[in-house]
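Participant: here is a sequence with its predicted model. Questions after.
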Amino acid sequence: MKNGGAKQFDPIRVVYGGNVRNAGKLQALAALVLFATGWVLAGCKSAPDLTSEQAGTLIQAKYDQDPGFAYNVSVDDRGMQLGVHANYWLGVKRYPNGYWGDFKLTDDGKKVVKLPNGGDMIQWRPEGPSDPHYSVVVVPLALSHLKARNLGEVESLGDTKTVTFMEDVDLAGMPEALQNLAHNAVNKLSTKRQATFVLTDGAWALKSID
């Protein structure tokens, strides 16, 4: 009906509460929300991925830059026997109880190890003839480094990423006989570690190793 009859149906006025001006404001607000959402998503996409391989490269680069260190080698009863066989030390005195002894570093031994307290005499003093816990320490003259292996999956933790891996003492600089001695069960050559990475200038950087 025209003029004086029922009001004509206006879909725009119905949807926006009868105010076309408000409709324009709402449309502008919706456009702003979409723009902000797109900006946030773009910001998230700007962070590069970090793979296990890339994390391992960053960890190993840190280890390679670190100075070498002297890895103290613990020597148990079997290790003492290996040292005698390698001509690193020789027994010079046996005590009445039959299981104490003094061992002197040979000239060959002095080229590969030293004793923590100086001197050249190892005093072997276990509590019994088959003491499984007794050991002495020798210090290799060759320096060791660390190696990273068996990296797990990279995980996100807040603004950081973390990865677990195994840290090994690299004995490559030691003579083979000393490496064999260091591989005795009494020595711990591998440790489980966790590395944390942070985003710095648009790239992932190693923050810490725990």
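Facilitator: Ah, there it is.
Participant: got the residue ranges for the strands in this structure?
Facilitator: With DSSP state E, the ranges of strands along the chain come out as 73-75, 89-94, 101-105, 113-114, 121-124, 136-140, 145-149, 155-157, 160-170, 190-200, 203-209.
Participant: so which elements touch the shortest one?
Facilitator: In other words, strand 113-114. Other helices and strands packing on strand 113-114, by 3 or more CB pairs under 8 Å, 6 or more residues apart in numbering; DSSP states H and E, are strand 136-140. No exception for glycine: its C-beta is placed from N, CA and C like everyone else's.
Participant: show me what the strand it packs on is packed against.
Facilitator: So strand 136-140, by 3+ CB pairs under 8 Å, 6+ apart, packs with strand 73-75, strand 113-114, strand 121-124.
Participant: what about 10 Å?
Facilitator: strand 73-75, helix 77-85, strand 113-114, strand 121-124, helix 176-182 (3 or more CB pairs under 10 Å, 6 or more residues apart in numbering; DSSP states H and E).
Participant: so which of the ones you listed is nearest Gly56?
Facilitator: Among the helices and strands packed on strand 136-140, helix 176-182 comes nearest to Gly56, with 23.7 Å by CB to CB.
Participant: how many neighbouring residues does Ala61 have?
Facilitator: Counted with other CB atoms under 10 Å, residues neighbouring Ala61 total 12.
Participant: ok, for Lys111, nearest residue in space, not its chain neighbours?
Facilitator: Spatial nearest neighbour of Lys111, excluding adjacent residues (CB to CB, 6 or more residues apart in numbering): Leu141 at 7.3 Å.
Participant: just put the strands of the chain in CSV and tack on distance to Glu53.
Facilitator: Below are these laid out as CSV (distance: least, CB to CB, whole Å):
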stretch, distance to Glu53
strand 73-75, 32
strand 89-94, 44
strand 101-105, 44
strand 113-114, 37
strand 121-124, 45
strand 136-140, 31
strand 145-149, 11
strand 155-157, 15
strand 160-170, 11
strand 190-200, 13
strand 203-209, 12
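Participant: highest average neighbour count across those?
Facilitator: Mean neighbour count (mean count of other CB atoms under 10 Å) peaks for strand 73-75 among the strands of the chain, with a mean of 23.
Participant: what pairs with it, parallel or antiparallel?
Facilitator: Strand 73-75 has its sheet partners listed here by DSSP bridges as strand 136-140 (antiparallel).
Participant: alpha carbons of the partner strand, as PDB, please.
Facilitator: What follows is strand 136-140, C-alpha atoms only, in PDB (Å, rounded to 0.1, in the frame of the first residue of the first chain):
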ATOM      1  CA  VAL A 136      91.600 -42.600  40.500                       C
ATOM      2  CA  VAL A 137      91.700 -39.700  38.100                       C
ATOM      3  CA  VAL A 138      94.200 -38.900  35.300                       C
ATOM      4  CA  VAL A 139      94.000 -35.700  33.200                       C
ATOM      5  CA  PRO A 140      94.600 -36.000  29.400                       C
END
